[in-house]
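K.L.:
heads up, no residue letters with this:
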């Protein structure tokens, strides 16, 4: 017997309830935050997206977990500081960019929109830097404000 991949009425109701609770969560509403909700079998809920801080992530996931009918919460939620660290790490370790001295590029993330600031050596290919940064999980857009 083949199982249907269509959500049941109960799953659709849970989806609406969880999304409404997150929409009403003040930090997400006022500061932004891009979270998606996927209802899995047996009341499991996967939450994915980007928020500004670890505290906002923890509170949003706790809110989902406290929702009647939710049995487990799987998090794929990143924070801006995690994205900034990941970008810095990849720039420092990728063969194409590791020659750039630490501190030459500042990285700022706002909900996955990453701004690159700083001075890079003239021999450094800006497009390569942007491609390397674009490969990082959570990076949605890149604002290149680098100078040579």
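P.N.:
Sure thing, it's come through. No experiment lies behind these values; they were computed from the predicted model shown. Numbers count the residues shown, from 1 in each chain.

K.L.:
looking just at contacts, which helices and strands does the helix ranked longest in the chain meet?
P.N.:
Looking across the chain with DSSP state H, the single longest helix is helix 9-24. Using 3 or more Cβ pairs under 8 Å, 6 or more residues apart in numbering; DSSP states H and E as the contact criterion, the elements in contact with helix 9-24 are strand 34-39, strand 44-51, helix 54-65. For every residue, glycine as well, the C-beta is placed using N, CA and C.

K.L.:
Would you map out the domains in the chain?
P.N.:
What the record gives for the chain is the domain set 9-78, 81-147, from automatic domain parsing.

K.L.:
outside of stretch 44-53, which residues touch it?
P.N.:
The contact list for stretch 44-53 (Cβ atoms under 8 Å, 6 or more residues apart in numbering) reads 14, 18, 22, 27-28, 31-40, 57, 60-61, 64, 67, 70-81, 83, 110-112, 138, 140.

K.L.:
Same question for stretch 34-43.
P.N.:
Stretch 34-43 is contacted from outside by 7, 11-12, 14-15, 18-19, 22, 28, 45-51, 60, 64, 69-72, 74, 77, 111-112, using Cβ under 8 Å, 6+ apart.

K.L.:
That'll do, ta.
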